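> What follows is a protein structure lacking sequence information:
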């Protein structure tokens, strides 16, 4: 007997989180209204608060994220080239 995990759409989560942020209803009232546990609504509310600033960040935030990805890729490439260089140095030292 297994329970299926319920999945909620982003629109639903947003609607519930915005209602929770408005403060018109308590978490218990929202939980019974939408059939979701109050702890889950608290998590969505917290997530909405954290991510609301990203909406105003615009291109700056996206540029920073793409730069971070590029830096990680370059570090990986540097590591790979270092290993190859060391391997070739050892191979030629034996000749």
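Here it is on my side, so go on. Being a predicted model, the structure only gives us computed values, none of them experimental.
> How many residues are close by the residue lying closest to residue 36 once chain neighbours are set aside?
The shortest distance from residue 36 to any non-neighbouring residue, by CB to CB, 6 or more residues apart in numbering, is to residue 16 (6.7 Å). For glycine as for every other residue, the C-beta is placed from the backbone atoms N, C-alpha and C. Residue 16: 21 surrounding residues under other CB atoms under 10 Å.
> how about the one helix or strand residue 16 maps to: buried residues?
Residue 16 is part of helix 10-22 when elements are defined by DSSP states H and E. Buried residues in helix 10-22, counted by 16 or more other CB atoms under 10 Å: 13, 16, 17, 19, 20.
> So what angle separates the directions of the next helix or strand after that helix and helix 10-22?
Beyond helix 10-22 on the C-terminal side, the first helix or strand identified by DSSP H and E is helix 27-34. Interaxial angle, helix 27-34 versus helix 10-22 (axes from the mean of the first three to the mean of the last three CA atoms, to 10 degrees): 150 degrees.
> Just checking, which helix or strand of this protein averages the lowest pLDDT?
helix 54-57 (a mean of 71; mean pLDDT, DSSP states H and E).
> Off-centre distance for it?
The chain centroid and the centroid of helix 54-57 are separated by 15 Å, computed with CA atoms, centre = their mean, to the nearest Å.
> State the distance from residue 32 to residue 56.
Residue 32 sits 33 Å away from residue 56, taking CB to CB, to the nearest Å as the criterion.
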